[in-house]
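**Q** pasting the sequence and the predicted model now:
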Amino acid sequence: MIQAFALLLAFQLAGETLRVALHLPVPGPVLGMALLLIWLVARGGPGDDLRHTSGTLLQHLSLMFVPAGTGVMLHVGRLADEAWPIAIALVVSTVLGLAATGLTLHVLTRQGREASR
Amino acid sequence: MNTESMTEIWVYLSAQPLLWLTLTLAAYLLAIALHRKAGGHPAVNPVLVSVTILVALLSLTGTPYQRYFDGAQFVHFLLGPTTVALAIPLHSQLKRLVAMGGPLLVALVVGSLTAGLSAYAIGALLGASAPTVASLAPKSVTTPIAMGVAERLGGLASLTAVFVILTGIFGAIFAAGLLRRLGVKDEASVGFAMGLASHGIGTARAFQISEQTGAFAALAMGLNGLFTALTLPWLLPLLAPLVRP
């Protein structure tokens, strides 16, 4: 478990280094994810230890958002002042984003499935 | 034990990282238990419930957020290695992801632009202030990218983090039902839409549906972060006339 955790941290560190060195707009952990994916392809897949540790962490992905989410208390004033524009913009744009993405992919892959028949 | 010594103990403990770290985990475990008890109903979202419990505790005890975060930062830090760990489900779905490369990229461009530009335009047209509007635009992408993008657009990083989390919670609760109503039921489309529109919190929810849904969500989250970071700072100035001065 410690071995797998060290590996994840090492890839995060590599991603972070890459971001700073090349002035990339993407966060270190996302680059680390891409690097680990390349490494997994090269190695033919994760070992049991890495698979198990990652599974445990991902199962509790929700937990990792709690500290930042609690920061909502810092912005109560602004949220109250602009409650309606914020609520409507968040809800409508998220619904539109979900629908646009889901429908586009659904339609394109259905055509693909039919064409391959 | 008299009140004085209780106060003394409280003053000591409340200044230690241990207290709020423990309470963060306890609030989460309680939220998970409630989520199970509700039969996994998406409205009993673990992030929403945990945050509600913690905000209530912090307000009742008059604890500033900064002191809370001194303890909770250890959990916050795990977001990094956990994001890296998303490579494992991505790898196990890689064949399908590559086979669907073209449609995935089209859906990425369409969905990302729709989510970002509509948030900005709606906020602006409804009269939200300029920093609020700039903080709204990147709300569909994962927190660190969103904060960076918002700052470049004149938004507030910490406000953006709040919008990102609210968007994630909203997506986690409503996405699957909404997509089903639109006739979108295949795991790839549902997962990709959830990860694109509601990033990590949507991805966490997608993993509850199935590993395959989660893998597509993780991919969408990464791609949308990249795409948004590269395009939004160039595109939004075109919509700037909509914002009230």
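**A** Ah, there it is.
**Q** would you list the phi and psi of the closest residue in space to A:Ser93 that isn't next to it in sequence?
**A** In this structure, A:Ser93 finds its nearest non-sequential neighbour in B:Ala119, 3.6 Å apart by CB to CB, 6 or more residues apart in numbering or on different chains. To be clear about C-beta, it is placed using only N, CA and C from the backbone, and glycine gets the same treatment. B:Ala119 has phi and psi values of phi -60, psi -50 when expressed as degrees, to the nearest 10.
**Q** and B:Ala119, how close does it get to B:Lys139?
**A** B:Ala119 sits 6 Å away from B:Lys139, going by CB to CB, to the nearest Å.
**Q** avg pLDDT for the helix or strand where B:Leu117 lies?
**A** B:Leu117 is located in helix B:101-125, with elements delineated by DSSP states H and E. Throughout helix B:101-125, pLDDT has a mean value of 95.
**Q** may I see the buried residues of the helix or strand harbouring B:Gln66?
**A** Assigned by DSSP H and E, B:Gln66 belongs to helix B:65-77. For helix B:65-77, the neighbour count (16 or more other CB atoms under 10 Å in any protein chain shown) marks B:Tyr65, B:Arg67, B:Tyr68, B:Phe69, B:Asp70, B:Gly71, B:Ala72, B:Val75, B:His76 as buried.
**Q** how about stretch B:11-28?
**A** B:Leu19, B:Trp20, B:Leu21, B:Leu23, B:Thr24, B:Leu25, B:Ala27, B:Tyr28.
**Q** can you list the domains in chain B?
**A** Using automatic domain parsing, the domain parsing of chain B gives B:3-77, B:84-242.
**Q** so how far is the longest one from its chain's centroid?
**A** Just to be clear, that refers to domain B:84-242. Put simply, domain B:84-242 sits 9 Å off its chain's centre (CA atoms, centre = their mean, to the nearest Å).
**Q** start and end of that domain, how far apart?
**A** Domain B:84-242 has an end-to-end distance of 38 Å (CA to CA, to the nearest Å).
**Q** can I get the helix or strand of chain A with the lowest mean pLDDT in CSV, CA atoms only?
**A** Lowest by mean pLDDT, DSSP states H and E among the helices and strands of chain A is helix A:76-81, with a mean of 87. Extracted C-alpha coordinates of helix A:76-81, given in CSV (Å, rounded to 0.1, in the frame of the first residue of the first chain):
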residue,chain,number,x,y,z
VAL,A,76,-22.1,33.5,2.3
GLY,A,77,-22.4,37.3,1.8
ARG,A,78,-21.8,37.3,-2.0
LEU,A,79,-23.9,34.2,-2.5
ALA,A,80,-26.8,35.8,-0.7
ASP,A,81,-26.4,39.2,-2.6
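**Q** ok, then the element right after it?
**A** Criterion used, DSSP H and E; the element after helix A:76-81 is helix A:83-115.
**Q** quick check: which of the buried residues of stretch B:11-28 are also close to chain A?
**A** Among the buried residues of stretch B:11-28, the ones lying close to chain A by the criterion of CB under 8 Å from any CB of the partner chain are B:Thr24, B:Leu25, B:Ala27, B:Tyr28.
**Q** what's the closest non-adjacent residue to B:Ala150?
**A** With CB to CB, 6+ apart, the residue lying closest to B:Ala150 is B:Thr160, at 3.9 Å.
**Q** neighbours of that neighbour, how many?
**A** 28 (other CB atoms under 10 Å in any protein chain shown).
**Q** with the one 3 residues further on instead?
**A** By the measure other CB under 10 Å, the count of residues near B:Phe163 is 29.
**Q** so is stretch B:217-228 next to chain A?
**A** Yes. For stretch B:217-228 and chain A, the contact criterion (CB under 8 Å from any CB) is met by B:Ala220, B:Gly222, B:Gly225, B:Leu226.
**Q** am I right that B:Ala128 is in contact with B:Leu136?
**A** Yes. The criterion here is CB atoms under 8 Å, and B:Ala128 meets it with B:Leu136 at 7.1 Å.
**Q** between the two, what contacts are shared?
**A** Taking CB atoms under 8 Å, 6 or more residues apart in numbering or on different chains as the contact criterion, the common neighbours of B:Ala128 and B:Leu136 are A:Ile86, A:Ala89.
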